[in-house]
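> I'd like to go over a predicted model; first the sequence, then the structure.
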There are 2 protein chains.
Amino acid sequence: MRHAEFDRERVLRAAMCTFMVNGFSKTSMQDLTKATGLHPGSIYCAFDNKKGLFIAAIEQYQQDRTDQFKQLFANDRSAVDNLSDYLAQILQECLSCDATKACLLTKSLSEMGEQDEQIKQITCQFLQSWHQSLAQVFDTAKAQQLIPQESDSQFLAQYLVMGIYGLRTVANTQPNVEVLQPLADKLLADLIRQ
Amino acid sequence: MRHAEFDRERVLRAAMCTFMVNGFSKTSMQDLTKATGLHPGSIYCAFDNKKGLFIAAIEQYQQDRTDQFKQLFANDRSAVDNLSDYLAQILQECLSCDATKACLLTKSLSEMGEQDEQIKQITCQFLQSWHQSLAQVFDTAKAQQLIPQESDSQFLAQYLVMGIYGLRTVANTQPNVEVLQPLADKLLADLIRQ
DNA sequence: ATTATTCTTGAATGCATATTCAATTAAGGA
DNA sequence: TCCTTAATTGAATATGCATTCAAGAATAAT
């Protein structure tokens, strides 16, 4: 017996970044061998093919985002304050020059959703699960009496999802705090307005 | 002398649709010859190469959208009613099964903005000009005393742009009126709220 | 009708790139 | 220490695709 030598998470995060910057089609196997340090044969042995590595990278992305989300909301503070911090964090990502600027899920869905049913299902499922996590935050806000009892958590979460998608897209053309901050502020205000 | 036989606008709209569905990378010259009815040589003669046809298609897209926009807002009705109709129209596109589901500008910017400076510039410029047109609508709304005099038209337009980007992305995962209509309604309400 | 000019045709070309594979290397059990 | 098993290596392969080009066809001017 002999174990794989490479660190799977490190390899997946390297691939993840490459896919986030270039998209699936414009990322070549050569790009991936350079980014991961793995030779073609090793990639094919461990992930079947380029798409297999892509899917594994998407799953790692979702895992990382879920962990990050849980960490941020695992406290007893006001749900609205947590949401405010969460938006600030997303805004930082939008402004950064690295790969996190884009969301791998929406980018992949937009690029391949029309042709690849499997990618469409995986990304939609992960985005849906994110939506549910946000709905729970609005449930908490309701329990904390920060928003009206008759609020629809599912709807508010969907509206926030829409706003974050929009923010990330605006950031593609206008990557300035001056533009993005007021948008994020109004978005949050419109969500918690009585 | 001999004139080109094909109808340029028809060819560009066919190419436009193909690019909207598949993106640039996943659209092959074979797809384009099939969609346009033109042979490779004719395409290269008229548009230099695949990217040349792509840029021409983007320009046609912008032209068509601008015409459509002008037509919808060229009347003396309330600017808010016009905006409402405009959103309803976008919602219809989101729900349709054809290519108009996606916005060619944002899709292209997301796919190629990172690698291709020229595509980035063109798409950003067109999106910016759309933003300005929307700002004018809010100026009209101000003149009609439908929104407060101290409103920032530029900001409101930017917020609407963000919302529409978001709506189109939500439509990728949830292409239902039941989901999209309330989002669009709240978006408009949040824009004209006193 | 003739000719010059330009467009059209579609097979041929060359290149980029995903994938394979046989040889090599290393690990762990007997 | 030896042997079995599995991972690694990177050159070779095969394929798909953008692009070219030379021959043919159509147009308009003379």
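It's in.
> any idea how far residue A:182 is from the residue of chain A found nearest DNA strand D?
Nearest to DNA strand D in chain A, going by CB to the nearest atom of the strand, is residue A:41, at a distance of 2.2 Å. The C-beta positions use only the backbone N, C-alpha and C, and glycine is treated the same way. Plainly put, residue A:41 is 51 Å away from residue A:182 if you go by CB to CB, to the nearest Å.
> again, but for residue A:154
27 Å.
> next one: residue A:173
For residue A:173, the distance to residue A:182 - CB to CB - is 16 Å.
> more neighbours: which of those two?
residue A:173 (21 against 14; other CB atoms under 10 Å in any protein chain shown).
> which sections of chain A are below the confidence cut-off?
A:1-5, A:194 (pLDDT under 70).
> rerun that using 90 as the cut-off
Scanning chain A with the threshold set as pLDDT under 90 gives A:1-7, A:97-101, A:193-194.
> so what's the closest residue to residue A:6 other than its chain neighbours up against?
Distances taken as CB to CB, 6 or more residues apart in numbering or on different chains place residue A:38 nearest to residue A:6, at 6.1 Å, with adjacent residues excluded. For residue A:38, the contacting residues are A:6, A:11, A:32, A:46, by CB atoms under 8 Å, 6 or more residues apart in numbering or on different chains.
> contacting residues for the first one?
Counting by CB under 8 Å, 6+ apart, residue A:6 touches A:36, A:37, A:38, A:42, A:46.
> 10 Å instead?
A:36, A:37, A:38, A:42, A:43, A:46 (CB atoms under 10 Å, 6 or more residues apart in numbering or on different chains).
> these in helices, which ones?
A:36, A:42, A:43, A:46 (DSSP state H).
> mind giving me the domain ranges of chain A?
Structurally, chain A divides into domains by automatic domain parsing as follows: A:1-59, A:75-192.
> with respect to DNA strand C, which of the ones you listed lies nearest?
domain A:1-59 (3.2 Å).
> mind giving me the packing neighbours of the longest helix seen in chain A?
In chain A, assigned by DSSP H, the helix with the most residues is helix A:117-143. Using 3 or more CB pairs under 10 Å, 6 or more residues apart in numbering or on different chains; DSSP states H and E, the elements in contact with helix A:117-143 are helix A:50-73, helix A:79-95, helix A:104-112, helix A:153-173, helix A:177-192, helix B:153-173.
> same list (these) but as JSON lines, adding distance to residue A:143.
Output for the helices and strands packed on helix A:117-143, formatted as JSON lines (distance: least, CB to CB, whole Å):
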{"stretch": "helix A:50-73", "distance to residue A:143": "14"}
{"stretch": "helix A:79-95", "distance to residue A:143": "8"}
{"stretch": "helix A:104-112", "distance to residue A:143": "29"}
{"stretch": "helix A:153-173", "distance to residue A:143": "10"}
{"stretch": "helix A:177-192", "distance to residue A:143": "14"}
{"stretch": "helix B:153-173", "distance to residue A:143": "26"}
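> quick one, what contacts residue A:181?
Per CB under 10 Å, 6+ apart, neighbours of residue A:181: A:87, A:88, A:91, A:95.
> buried ones in stretch A:33-46?
Using 16 or more other CB atoms under 10 Å in any protein chain shown as the test for burial, stretch A:33-46 gives A:35, A:36, A:38, A:42, A:43, A:46.
> ok, these vs residue A:103, which is closest?
Closest to residue A:103 out of these is residue A:35 (19.3 Å), distances taken as CB to CB.
> need phi/psi at residue A:175.
phi -80, psi 60 (degrees, to the nearest 10).
> if we ignore the residues flanking it in sequence, what's nearest it?
Nearest residue to residue A:175 in three dimensions, chain neighbours excluded: residue A:95, at 5.9 Å (CB to CB, 6+ apart).
> thinking the one you found is in contact with residue A:172, fair?
No. The pair residue A:95 / residue A:172 is not scored as a contact, 11.8 Å apart, by CB atoms under 10 Å.
> what about the two, which has more around it?
residue A:172 (20 against 14).
> surely the more buried one touches residue B:128?
No. The pair residue A:172 and residue B:128 does not pass the contact test of CB under 10 Å, sitting 11.8 Å apart.
> returning to what we had before: okay, the helices and strands packed on helix A:117-143 in JSON lines with distance to DNA strand C next?
Shown next, in JSON lines, are the helices and strands packed on helix A:117-143 (distance: least, CB to the nearest atom of the strand, whole Å):
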{"stretch": "helix A:50-73", "distance to DNA strand C": "4"}
{"stretch": "helix A:79-95", "distance to DNA strand C": "27"}
{"stretch": "helix A:104-112", "distance to DNA strand C": "14"}
{"stretch": "helix A:153-173", "distance to DNA strand C": "23"}
{"stretch": "helix A:177-192", "distance to DNA strand C": "33"}
{"stretch": "helix B:153-173", "distance to DNA strand C": "24"}
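> so which of those helices gets nearest residue B:52?
helix A:104-112 (22.1 Å).
> so is that closest one next to DNA strand D?
No. Residues of helix A:104-112 contacting DNA strand D under CB under 7 Å from any atom of the strand: none, with a closest distance of 13.9 Å.
> can I get that helix in PDB? Just the C-alpha atoms.
Only the C-alpha atoms of helix A:104-112 are listed here, as PDB (Å, rounded to 0.1, in the frame of the first residue of the first chain):
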ATOM      1  CA  LEU A 104     -17.700  30.100  -7.600                       C
ATOM      2  CA  LEU A 105     -21.200  28.800  -7.400                       C
ATOM      3  CA  THR A 106     -23.000  31.600  -9.300                       C
ATOM      4  CA  LYS A 107     -20.100  31.900 -11.800                       C
ATOM      5  CA  SER A 108     -20.200  28.200 -12.600                       C
ATOM      6  CA  LEU A 109     -23.900  28.200 -12.800                       C
ATOM      7  CA  SER A 110     -23.900  31.100 -15.200                       C
ATOM      8  CA  GLU A 111     -21.100  29.500 -17.300                       C
ATOM      9  CA  MET A 112     -22.300  25.900 -17.500                       C
END
